[in-house]
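*Asks:* turn this into a model:
(one chain, ligands or ions: 1)
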Amino acid sequence: MSKPFSISNSEDQEAQGQENTGISLGMPVKGEQSDSAKMVLDDKVLKRNTSLPLTRRALSDQMKMTDREVEERKQLIGFTPADVGYLKDCKEHIVLRIDSIVEKFYAHQETIAEVELLIGDVETLKRLKAALRGYIIELFDGYYDREYVNKRLRIGKVHKRIGVSPKLYVSAVVILEKLLQKELLEVSMADRVCNECDGRRDALHKLLMFDVQLVFDTYISSLLSEVNAASDQVERYAQGLEATVAERTQQLQELSSMDSLTGLLNQRTFFNILRREISRAEENRQPLCLSFIPSSHKSVLPMVPAGLISLD
Ligand code: HEM
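*Replies:* Numbering: from 1, shown residues only. Purely as a prediction, here's the structure:
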């Protein structure tokens, strides 16, 4: 589970090929640095990491999701510390009700033929229920940092890979939100006052939208990677084709200028060369000599430049 303030685990960092700075990637370390210093560090670490292979970089690194970017996204949707408080207050109730929420969610999902087909078997459904349990509890943990973001980005990648279309994903989020909002209402009713009803509802809605943005960022990024890979393939194919065309053109040029039987230049080439030599002689006001040597005079032939030997 991520912590709002944490010292980095050097083994984890080394495993990811990151230099141990003593500070976990993007995680604020309490009392050590100013926000701007942390962000500069965050950007520096990110830049250094871009040279690592994809398999050694977290999705948040690959997608340049700095602490600054995470904070900007929260600001854009108006997700404030008060929202964090509203959600944390509901955690206890949600944990108690988690099994029922997950069962209701999948009972609904199983009524959609396309979803049932994508899930496919009982073991996958079991894994999915466990994954959703974790996902829901994280919504109410109160830690919405880069580690949280990384998990959300991964959800996008996994669903894109499996082939869950955005329409299915978004409709599932709508169902999940409905189930969770019902639970939040129960928390408020237990308080017998509804001062916080709107706050809780809005906080959950904002966080789910924050998640959806991240999920679709990876959908789009995976799609772009596929398009780029396909376009590279087409480019390589076109380059191969160009080389083949150039080779064939050269072969055709050779064939059209030579006699296929003897390999000597043919009559057409002879006249082309003759015309060229005449115009050059005229230009330079030089005399030009043309010799006719019958092929029967074999002893003379080797002394004649090959380019000037022609049949007929
Ligand atoms: C509210 C919307 C949804 C949430 C929050 C959600 C959450 C998750 C999570 C957290 C995982 C694990 C990802 C990982 O391996 O890191 C997962 C995997 C998966 N999800 Fe979803 N999901 C949602 C909607 C859907 C829908 C609509 C489908 C099907 C159409 C679906 C099918 C799957 C499948 C097949 C896996 C892989 C399970 C496995 O083989 O381990 N999910 N989901």
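
*Asks:* break this protein down into its domains, please.
*Replies:* With domains defined by automatic domain parsing, the chain comprises 1-57, 78-234, 267-308.

*Asks:* for the ligand, which of those is the nearest?
*Replies:* domain 78-234 (3.7 Å; C-beta to the nearest ligand atom). Quick note: C-beta positions are derived from backbone N, CA and C, even for glycine.

*Asks:* picking that back up, looking at the domains of the chain, which is buried most?
*Replies:* domain 78-234 (a mean of 16; mean count of other C-beta atoms under 10 Å).

*Asks:* what about that domain, how long is it end to end?
*Replies:* Length of domain 78-234, first residue to last, C-alpha to C-alpha, to the nearest Å: 44 Å.

*Asks:* put the alpha carbons of stretch 110-119 into CSV.
*Replies:* Taking C-alpha atoms only, stretch 110-119 is exported to CSV below (Å, rounded to 0.1, in the frame of the first residue of the first chain):
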residue,chain,number,x,y,z
GLU,A,110,-22.5,-11.1,-15.8
THR,A,111,-25.8,-10.1,-17.4
ILE,A,112,-23.8,-8.4,-20.2
ALA,A,113,-23.0,-11.1,-22.8
GLU,A,114,-19.9,-9.3,-24.1
VAL,A,115,-18.5,-8.9,-20.6
GLU,A,116,-19.2,-12.6,-19.7
LEU,A,117,-17.3,-13.6,-22.8
LEU,A,118,-14.4,-11.4,-21.9
ILE,A,119,-14.2,-12.8,-18.4
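
*Asks:* how distant is that stretch from the center of its chain?
*Replies:* A distance of 27 Å separates the centroid of the chain from that of stretch 110-119, by C-alpha atoms, centre = their mean, to the nearest Å.

*Asks:* what residues does it touch?
*Replies:* For stretch 110-119, the surrounding residues in contact (C-beta atoms under 8 Å, 6 or more residues apart in numbering) are Q109, L125, L128, I162, G163, V164, L168, S171, A172.

*Asks:* and this structure, which of its residues are near the ligand?
*Replies:* Neighbours of the ligand within the chain, by C-beta under 6 Å from any ligand atom: 115, 118-119, 124, 127-128, 131-132, 135, 154-155, 158-159, 162, 164, 168-169, 172-173, 176.

*Asks:* just these: which are in helices?
*Replies:* Within the residues of the chain next to the ligand, residues falling in helices by DSSP state H are 115, 118-119, 124, 127-128, 131-132, 135, 154-155, 158-159, 162, 168-169, 172-173, 176.

*Asks:* could I get the domains of the chain as TSV with distance to T66 and mean pLDDT?
*Replies:* Shown next, in TSV, are these (distance: least, C-beta to C-beta, whole Å; pLDDT from 0 to 100):
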stretch	distance to T66	mean pLDDT
domain 1-57	5	49
domain 78-234	8	94
domain 267-308	67	78
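
*Asks:* tell me which of those domains sits nearest to T249.
*Replies:* The closest of these to T249 is domain 267-308. By C-beta to C-beta, the value is 16.5 Å.

*Asks:* chain center to the helix of greatest length in the chain, what's the gap?
*Replies:* In terms of residue count, the longest helix belonging to the chain (DSSP H) is helix 197-257. Distance, stretch centre to chain centre, for helix 197-257: 8 Å (C-alpha atoms, centre = their mean).

*Asks:* same thing with stretch 135-147?
*Replies:* 24 Å.

*Asks:* check the contacts of stretch 110-119 and tell me the two furthest apart.
*Replies:* Taking C-beta to C-beta, no two of these sit farther apart than L125 and S171, at 18.0 Å.

*Asks:* surely R133 meets V102?
*Replies:* Yes - counting by C-beta atoms under 8 Å, R133 touches V102, with 5.5 Å between them.

*Asks:* can I get stretch 248-257 in CSV, CA atoms only?
*Replies:* Extracted in CSV, the C-alpha atoms of stretch 248-257 (Å, rounded to 0.1, in the frame of the first residue of the first chain):
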residue,chain,number,x,y,z
ARG,A,248,14.7,-4.1,-61.2
THR,A,249,15.0,-0.7,-62.9
GLN,A,250,18.8,-1.1,-63.1
GLN,A,251,18.3,-4.6,-64.5
LEU,A,252,15.9,-3.3,-67.1
GLN,A,253,18.2,-0.5,-68.1
GLU,A,254,21.0,-3.0,-68.6
LEU,A,255,18.8,-5.3,-70.5
SER,A,256,17.5,-2.5,-72.8
SER,A,257,21.1,-1.4,-73.6
